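Could you look at this predicted model? Sequence included:
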Amino acid sequence: MLRILEGPAWVFLGVIISAWAYGTGLGTLKEPGAGFVAFIAGFFILVVGALITLFRRPEQRNVETPSGTTRAQFLQSAAFKLTYALGLLLFYALLLDRLGYIITTFVVLFGLFYDPVRRRWAGPLLTSFLSVAVTYLVFEVWLRSQLPRGILPWW
């Protein structure tokens, strides 16, 4: 049942984000407003949700599952993955200005890259660090756009 709702949930989230961003002002391509990037992100979330909905594989109805589920089965379930991803996005949206770009983005990327079933830390830590470092260099140093500083005022 949850697999059926996965795509529409992303579509709904994309619509909400895009509507909120539109309300804050899009601006123009030369002078983007506060909601420009959020509107584009919401649009892409909407498109991904539509693609998930359109190209979803039919579920197998005749497979019986045991009454008790293991930890690995729970962590691999669609309900957990959807709730986990939405929780990370909500965390990012609520704490980006308070904690700052570096900390919030690192935590969210680590949460997205980490696989709780395999329990390996090195790969997700390195990938998260490199992603934050590269995006920081591109946006803050090269493009000279100000990222949220948060609790790290010295950078």
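Happy to help now that I have it. Numbering: from 1, shown residues only.

Can you find the helix or strand of this protein with the lowest average pLDDT?
helix 71-75 (a mean of 74; mean pLDDT, DSSP states H and E).

Please give me every residue in contact with Leu13.
Residues counted as contacts of Leu13 (Cβ atoms under 8 Å, 6 or more residues apart in numbering) are Gly42, Ile45, Gly49, Leu86, Leu89. Any C-beta I mention is one placed from the backbone N, CA and C, and that applies to glycine too.

How many residues are close by the third one?
Residues within reach of Gly49, counting by other Cβ atoms under 10 Å, total 20.

what about the closest residue in space to it that isn't next to it in sequence, which helix or strand?
Residue nearest to Gly49 in three dimensions, not counting chain neighbours: Trp10, with 2.9 Å by Cβ to Cβ, 6 or more residues apart in numbering. Taking DSSP states H and E as the definition, one finds Trp10 inside helix 2-24.

Can I get that helix in CSV? Just the C-alpha atoms.
Listed in CSV are the C-alpha atoms of helix 2-24, where the atom choice follows Å, rounded to 0.1, in the frame of the first residue of the first chain:
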residue,chain,number,x,y,z
LEU,A,2,2.8,2.4,0.9
ARG,A,3,4.5,1.8,-2.5
ILE,A,4,1.4,3.2,-4.2
LEU,A,5,1.6,6.4,-2.1
GLU,A,6,5.3,6.9,-2.5
GLY,A,7,5.1,8.8,-5.9
PRO,A,8,2.1,10.9,-5.0
ALA,A,9,3.7,11.8,-1.7
TRP,A,10,6.7,13.3,-3.6
VAL,A,11,4.4,15.0,-6.0
PHE,A,12,2.5,16.6,-3.1
LEU,A,13,5.7,17.6,-1.4
GLY,A,14,7.0,19.2,-4.7
VAL,A,15,3.7,21.1,-5.1
ILE,A,16,3.9,22.4,-1.5
ILE,A,17,7.5,23.5,-1.9
SER,A,18,6.9,25.2,-5.2
ALA,A,19,3.8,27.0,-4.0
TRP,A,20,5.6,28.3,-0.9
ALA,A,21,8.6,29.4,-3.0
TYR,A,22,6.3,31.1,-5.5
GLY,A,23,4.7,33.0,-2.6
THR,A,24,8.1,34.3,-1.5
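
No further queries at this time; thank you.
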